[in-house]
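Chemist: turn this into a structure:
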Amino acid sequence: MAKAKAKQERPTPPKKAATKAGDRRADAQPRPAPAVPGAALGIDIGGTGVKAALVDVTTGELLSRRHRVNTPKPSSPDAVIEAVLHVVGLIAAERDLAPDLPVGVGIPGPIKAGKVMTAANIDKRWIGTPAEELLGKALKRRVHAINDADAAGLAEIRFGAGREVAGTVLMLTLGTGIGSGLFVDGQLVPNTEMGHLEWKGRDVELRLSGVAREKRHLRWRAWANEFSAFLARLEILFWPDLIILGGGVSKEMKKYDKWLKSRAPIKPARFLNTSGIVGAAIYASERARAESARPVVLLPVATRADRAAAPGVGRARKA
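Modeler: Sure, this is the predicted structure:
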């Protein structure tokens, strides 16, 4: 009995104390982001990865971790939407997502009235797909879709390498393909597809994208020389005042910038490979703000004299 009593009177085991310390550490973790203006969800659907983060659209900084999963193969709309739901779920577990949070999605293809018009680096079943509608139903939120390179350029124009640059700014994203975003005095010219210009008998992205460089086993110097020749063609067409390079290749710019040649200065994207996420969030925020600012049109109330002159007036209102 004495032994049993002594056993009961032993102090709390170290394991329980460690658990309490762990609870204190958990309490010290950042609280969910408050549901206030200035936050938006940015999603970037690419040929190799689906990425997302919560973004402060007043600064371009991320308010959550950047979550990424590989783009499914095949990258059908249903499969990609599942990947989007997964990365958004990871963000929701980390940060509070307000019900009216703007949601922007960058997609590799021209976007017209919320629909995808072409699909070079994702499954052809995306062509004609009402992306905003399908993603909105899946996420149970209003979704705004934009071409992925346009999104990347928007981030750089608002807060990055193209901020306060007058004239024409050309954004090129170099990854699975080559995307392009064109801006004139800060205004987007949407859905330019310069990666599909012909270059030596093929779409230029099939020869000079980041993936194409690896497939062709080109060293950085050889690739930069050929890419410079392509830039010379773009300069004849658009006469840019600044060229910004984004996408995966932008992270390696120190390896090849000394061989790049152009009339216009060339800068790496400030946000590097996260430009698409930041830009999609900014686009959604600006679209949501514009939609909420639309004036409400009030129909005039028909008077008794109006109804006497036109008997049909006011019947629908009475019903």
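Chemist: quick one: contacts for Pro240?
Modeler: Contacts for Pro240 (C-beta atoms under 8 Å, 6 or more residues apart in numbering) come out as 167-170, 234, 264. The C-beta positions use only the backbone N, C-alpha and C, and glycine is treated the same way.
Chemist: redo those residues as a markdown table? Include secondary structure and pLDDT.
Modeler: Rendered in a markdown table, the data for the contacts of Pro240 read as follows (DSSP: H, G, I helix; E, B strand; the rest coil; pLDDT from 0 to 100):
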| residue | secondary structure | pLDDT |
| --- | --- | --- |
| Gly167 | coil | 97 |
| Thr168 | strand | 98 |
| Val169 | strand | 98 |
| Leu170 | strand | 98 |
| Leu234 | helix | 97 |
| Ala264 | coil | 97 |
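Chemist: now a PyMOL select for only the buried ones of the residues you listed.
Modeler: Selecting the buried subset of those in PyMOL, with 16 or more other C-beta atoms under 10 Å as the burial test, is done by:
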select buried, resi 168+169+170+234+264
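Chemist: greatest separation within the contacts of Pro240: which pair is it?
Modeler: The most widely separated members of these are Gly167 and Leu234, with 14.7 Å between them, by C-beta to C-beta.
Chemist: can you pull out the strands in the protein?
Modeler: Counting by DSSP state E, one finds strands in the chain at the ranges 39-45, 49-56, 67-70, 103-107, 111-112, 115-116, 143-147, 168-174, 178-184, 187-189, 198-199, 202-203, 242-246, 266-268.
Chemist: tell me the contacts of Gly60?
Modeler: Applying C-beta under 8 Å, 6+ apart to Gly60 gives the contacts 155, 158-160, 271, 278, 282.
Chemist: please flag which of those residues sit within helices.
Modeler: Among the contacts of Gly60, the residues falling in helices (DSSP state H) are 155, 158-159, 278, 282.
Chemist: of these, closest to Lys258?
Modeler: For the ones in helices among the contacts of Gly60, the minimum distance to Lys258 (C-beta to C-beta) is 26.3 Å, reached by Ala155.
Chemist: can you report how many residues lie near that closest one?
Modeler: Counted with other C-beta atoms under 10 Å, the burial measure for Ala155 works out to 33 neighbours.
Chemist: what sits against it?
Modeler: Counting by C-beta under 8 Å, 6+ apart, Ala155 makes contact with 60, 269, 271, 275-276, 278-279, 282.
Chemist: Val69 too?
Modeler: Contact analysis of Val69 by C-beta under 8 Å, 6+ apart lists 49-50, 83, 86-87.
Chemist: with Ile157 instead?
Modeler: Ile157 sits in contact with 163, 165, 169, 183, 186, 188, where contact means C-beta under 8 Å, 6+ apart.
Chemist: what backbone torsions are found at the fifth one?
Modeler: So the one you mean is Gly186. When quoted as degrees, to the nearest 10, the phi and psi of Gly186 stand at phi 80, psi -10.
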